[in-house]
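Engineer: A structural model of the following input is requested.
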Amino acid sequence: MGYLSAEPLVLEALVREVEAPEHGAVSTFLGVVRDHHAGRRVRGLEYQAYGPMAEAECHRIVAEAERRWPCRVALRHRVGALAVGEAAVAIAVGSGHRVEAFDACRFVIEELKQRVPIWKRESYADGSEAWVDPTAPGGTVPTGSEAPT
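Structural biologist: A predicted model of the protein is given here:
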């Protein structure tokens, strides 16, 4: 099972991965491509990843969540071109109780955003493009160079 997918994400499939008779709670998170960023109209984006490293880091994050909370975690992140409205990341967490499910789900998305080498290049309505980099002034770096590191 890989964490990166070039295919559309199906949240219901992830929910099925974490369902169990002892799980009274399933918490989900679905991140979708929005139509704006930093005051600019977004028409689509592309995710690129260093596959082996991203897969390994996703595995570590899932394992950490499953050690910290009594839960089962399913995680997928898209790579490639996505349109506005498409799912970019999907997480499902099954647990005996809602508190653990919510806490583990939030942990997974926050750690993924901080640690996994996945880069986002946005395409704007004016025809320009930029890499998203929250550490850069304005939150983006113009294209024409490699993905931010």
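
Engineer: quick one, strands of this structure?
Structural biologist: For the chain, the strands defined by DSSP state E cover 4-5, 25-32, 36-37, 40-49, 71-78, 80-83, 87-95, 118-124, 129-132, 140-142.

Engineer: what is the mean pLDDT for the first one?
Structural biologist: When you say that, I think you mean strand 4-5. The average pLDDT for strand 4-5 rounds to 98.

Engineer: helices or strands next to that strand in the packing?
Structural biologist: helix 51-68, strand 71-78 (3 or more Cβ pairs under 8 Å, 6 or more residues apart in numbering; DSSP states H and E). (Each C-beta comes from the backbone N, C-alpha and C, glycine too.)

Engineer: partners of the nearest residue to Glu19 once chain neighbours are set aside in the sheet?
Structural biologist: Of all residues not flanking Glu19 in the chain, Gly94 sits nearest, at 5.8 Å (Cβ to Cβ, 6 or more residues apart in numbering). Following DSSP bridges, Gly94 is listed with bridge partners Val26, Arg72.

Engineer: okay, now Gly94: neighbour count?
Structural biologist: A count of nearby residues for Gly94, using other Cβ atoms under 10 Å, gives 26.

Engineer: OK, contacts around it?
Structural biologist: Neighbouring residues of Gly94 by Cβ atoms under 8 Å, 6 or more residues apart in numbering: 15, 18-20, 23, 25-26, 71-72, 101.

Engineer: looking at these, which is nearest Ala130?
Structural biologist: Val15 (34.2 Å; Cβ to Cβ).

Engineer: correct me if wrong: that closest one contacts Ser27.
Structural biologist: No - judged on Cβ atoms under 8 Å, Val15 makes no contact with Ser27 at a distance of 9.9 Å.

Engineer: the more surrounded of those two?
Structural biologist: Using other Cβ under 10 Å, the more surrounded residue of Val15 and Ser27 is Ser27, with 23 against 17.

Engineer: which pLDDT value belongs to the more buried one?
Structural biologist: 98.

Engineer: contacting residues around it?
Structural biologist: 92-93, 95, 98, 101-102, 104-105.

Engineer: out of those residues, the closest to Arg60 would be?
Structural biologist: Ala104 (14.3 Å).
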